[in-house]
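Trainee: Provided below for reference: sequence and predicted model.
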Amino acid sequence: MITRRELLGAAASLPFVATPSWAETQSAVITRPIPSSGELLPVMGMGSSRTFDVALDSPMMAQLTEVVRLFFAGRGALIDSSPMYGQAESALGAVLEKLSMPAGLFAATKVWTYGAEAGVGQMQESSRRMRVPAFDLMQIHNLRDWKLHLPTLRQWKEEGKIRYLGITTSHQRNHRELEDIMRTEALDFVQFSYNIENRLAEERLLPIAAERGIATIINRPFQRGALFSRSKGKPLPPLAQELACESWGQFYLKWIIGHPAVTVLIPATSKPKHMKDNMGANVGQVPDVAQRAEMLKIFKAL
Ligand SMILES: NC(=O)c1ccc[n+]([C@@H]2O[C@H](COP(=O)([O-])OP(=O)(O)OC[C@H]3O[C@@H](n4cnc5c(N)ncnc54)[C@H](OP(=O)(O)O)[C@@H]3O)[C@@H](O)[C@H]2O)c1
């Protein structure tokens, strides 16, 4: 497992990756640098919307603990949550404590409220709920009251209360405003949706992120699970074997990883079997431009 120290110690001089290098594609875990620091992150993160919205006394907690254990066994690092996700932050906090706060954890949550003071209160509450004294990344959820929260996040970063700041959306209607923010504000991370069916981010968000040196977190990599209904019961194509993809899930994740401006993906699952599957895409070969085009052709023909 990559430790926090190893991640921090990674060469700050690494350029923003244009194409995954041979060494990167051969190494055990696929990593990408955070452009603002050079710190390397494993490309596979995990989300927690719906999947972790579970009461602490629910029998589901044992299963979710196994999900997170497998995430770290697969050398994942970034876990994404939000106060918007019901009890997810609290469930994650309990699971992380049970697993003795895995060393590689890169903890990310969001502020999702109106008003600067309410924002501070909410972030403090998230810290208590997720049992993380200082988040690695704090994001403004769905652009909500971003003009008020951004100065707070800058101040928190300066004071060492967070290490990185960012902003998120999953709505197309927010893209224009998000583009403006990305062009005018200093951000470490931006989070939006991108998958083999919803490719809109390719047009402007991913190129702007590359140009401005902003790390990207890709949410809804499975289009909320809808991609699986397209491929259900269909055999994997020979190209999947070439890329060492053992499932359609890995095929979909690898397609996203093949975009050079992608930093981290955050698929969400409540099932150990699916987490194991997803972490299978954290390693091995990354598809090149021609292979991605072929994968897309295959998907469109499903
Ligand atoms: N505005 C924002 O900031 C924003 C918006 C949307 C999402 N997000 C973040 O992004 C994360 C991911 O997005 P999402 O949860 O909406 O959608 P998603 O990751 O695209 O899809 C999740 C669905 O895929 C299924 N799944 C996962 N792995 C699978 C596998 N290997 N095989 C078959 N099915 C699999 C899950 O079901 P099972 O539980 O049965 O595995 C779940 O129903 C969220 O959890 C959240 O953290 C952020």
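Mentor: Thanks, I have it. Here the structure is a predicted model, which means the values were calculated and not measured.

Trainee: which other residues reach the helix or strand encompassing residue 154?
Mentor: In this assignment (DSSP states H and E), residue 154 forms part of helix 146-158. Applying Cβ atoms under 8 Å, 6 or more residues apart in numbering, the contact partners of helix 146-158 are 111, 114-116, 119-120, 123, 138, 140, 162-165, 167, 181, 185. Backbone N, C-alpha and C define where each C-beta goes, glycine included.

Trainee: Any stretches of this protein with poor pLDDT?
Mentor: 1-27 (pLDDT under 70).

Trainee: Could you give the residue of it that lies closest to the ligand?
Mentor: Proximity to the ligand, evaluated over the chain using Cβ to the nearest ligand atom, is greatest for residue 47 at 2.4 Å.

Trainee: Would you map the strands across the stretch 151-300 of the chain?
Mentor: Under the criterion DSSP state E, counting those that start in this stretch, strands of the stretch 151-300 of the chain are mapped to 162-168, 189-193, 215-219, 264-265.

Trainee: Point out the most buried one among those strands.
Mentor: Mean neighbour count (mean count of other Cβ atoms under 10 Å) peaks for strand 264-265 among these, with a mean of 28.

Trainee: Tell me the gap between that strand and the middle of its chain.
Mentor: The gap between where strand 264-265 is centred and where its chain is centred comes out at 4 Å by Cα atoms, centre = their mean, to the nearest Å.

Trainee: From the rest of the structure, what touches that strand?
Mentor: For strand 264-265, contacts defined as Cβ under 8 Å, 6+ apart pick out 32, 41-45, 78, 215-218, 221, 253, 256-257.

Trainee: Show me what from the chain comes close to the ligand.
Mentor: If contacts are counted using Cβ under 6 Å from any ligand atom, the residues of the chain sitting beside the ligand are 47-49, 51, 80, 141-142, 168-170, 191, 219-225, 228, 249, 266-271, 274, 277-278.

Trainee: Now that we have those, which of them are buried?
Mentor: Those of these that meet the buried threshold are 47-49, 51, 80, 141-142, 168-169, 191, 219-223, 249, 266-270, 274, 277-278, by 16 or more other Cβ atoms under 10 Å.

Trainee: about what we covered before: want to throw the strands of the stretch 151-300 of the chain into a markdown table with distance to residue 208?
Mentor: Rendered in a markdown table, the data for the strands of the stretch 151-300 of the chain read as follows (distance: least, Cβ to Cβ, whole Å):
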| stretch | distance to residue 208 |
| --- | --- |
| strand 162-168 | 13 |
| strand 189-193 | 9 |
| strand 215-219 | 10 |
| strand 264-265 | 17 |
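
Trainee: Would you map the helices across the stretch 151-300 of the chain?
Mentor: Applying DSSP state H, counting those that start in this stretch to the stretch 151-300 of the chain gives helices spanning 175-184, 205-212, 227-231, 238-242, 248-257, 272-279, 289-300.

Trainee: Out of those, which one sits most buried?
Mentor: Highest mean neighbour count of the helices of the stretch 151-300 of the chain: helix 248-257, a mean of 24 (counted as mean count of other Cβ under 10 Å).

Trainee: what about the closest residue to residue 116 other than its chain neighbours, how many residues close to it?
Mentor: Spatial nearest neighbour of residue 116, excluding adjacent residues (Cβ to Cβ, 6 or more residues apart in numbering): residue 148 at 4.6 Å. The number of residues packed around residue 148, counting by other Cβ atoms under 10 Å, is 17.

Trainee: ok, so what distance separates residue 148 from residue 186?
Mentor: 17 Å (Cβ to Cβ, to the nearest Å).
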